[in-house]
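**Q** Have a look at this fold, sequence not included:
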């Protein structure tokens, strides 16, 4: 059974998908804790599903490094097999990435390496792209530059706004994430091998 810690900054729609999947007795993973860098709405899912939560407010620390050290300490208490960044809107400092990678994965609303960074959906629209996508990656020291676990194309419609496009990408992200957790748990995806490919 794969143990997961999921980190969020917002409502936790990807987190909910994982929690709902894990209510199935055959699902090969369990979320052991949910963490956030702010008072995120998604923390309420912890109460709903009976999962412990923790918060490490970014603004309470003098530096990104100090915040990362405390976040890492909180994560390591749970000894997870995999840590999932699910809408966490902060870059983890290098020391935290080094400690957790390659068992550190992230969803991204673009077909990487296209449109990395915090505004993948907006950037795709600004570039006039006819398609974008969703990607699931191993987090490394780059920005959305780690090895790709899985990805899928999503068409950009002529009347798409940032919001409408993002809403169509989200279900794809959720599906990729749930499938990847199954694949990692079943040994079909080896994060270590992927990182050294």
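**A** On my side now, so go ahead. Model, not experiment: these values are computed from the prediction.

**Q** Next, the contact list for residue 71, please.
**A** Residues counted as contacts of residue 71 (CB atoms under 8 Å, 6 or more residues apart in numbering) are 7, 35, 37, 56, 92, 96. All C-beta spots, glycine's among them, are computed from the backbone N, C-alpha and C.

**Q** Can you classify it by secondary structure?
**A** Secondary structure assignment for residue 71 (DSSP: H, G, I helix; E, B strand; the rest coil): helix.

**Q** begin at 36 from here
**A** Sure, I'll start counting at 36 from here, so that last one is residue 106.

**Q** What separation is there between it and residue 39?
**A** Taking CB to CB, to the nearest Å as the measure, residue 106 falls 16 Å from residue 39.

**Q** again, but for residue 178
**A** Note on residue 178: its distance to residue 39, by CB to CB, is 23 Å.

**Q** pretty sure residue 80 is in a helix, no?
**A** Yes - counting by three-state DSSP, residue 80 is part of a helix.

**Q** Pick out whichever of residue 178 and residue 39 has more residues nearby.
**A** residue 39 (26 against 12; other CB atoms under 10 Å).

**Q** Which helix or which strand is home to the more buried one?
**A** strand 37-43 (DSSP states H and E).

**Q** Name every strand pairing with that strand and say which way it goes.
**A** Looking at strand 37-43 with DSSP bridges, its partner strands are strand 64-71 (parallel), strand 117-120 (parallel).

**Q** most packed of the ones you listed?
**A** Highest mean neighbour count of the strands paired with strand 37-43: strand 117-120, a mean of 24 (counted as mean count of other CB atoms under 10 Å).

**Q** Tell me which helix or strand comes right after it.
**A** For strand 117-120, the following helix or strand on the C-terminal side (DSSP H and E) is helix 129-135.

**Q** Whichever helix or strand comes after that following helix relative to strand 37-43, how many degrees between them?
**A** Where DSSP H and E defines the elements, the next helix or strand beyond helix 129-135 is strand 139-143. Orientation check (axes from the mean of the first three to the mean of the last three CA atoms, to 10 degrees): strand 139-143 against strand 37-43 gives 50 degrees.

**Q** how many neighbours does the residue nearest to residue 204 when sequence neighbours are not counted have?
**A** The shortest distance from residue 204 to any residue other than its chain neighbours is 4.6 Å, reached at residue 144 (CB to CB, 6 or more residues apart in numbering). Look at residue 144: counted by other CB under 10 Å, it has 23 neighbours.

**Q** Could you do residue 52 as well?
**A** Residue 52: 18 neighbours (other CB under 10 Å).

**Q** swap in the one 4 residues further on?
**A** If you count neighbours by other CB under 10 Å, residue 56 ends up with 19.

**Q** can you check residue 88 too?
**A** Residue 88: 17 neighbours (other CB under 10 Å).

**Q** Tell me what it is bridged to.
**A** residue 69.

**Q** Please tell me how far it sits from residue 49.
**A** When residue 88 is compared with residue 49 (using CB to CB), they lie 16 Å apart.
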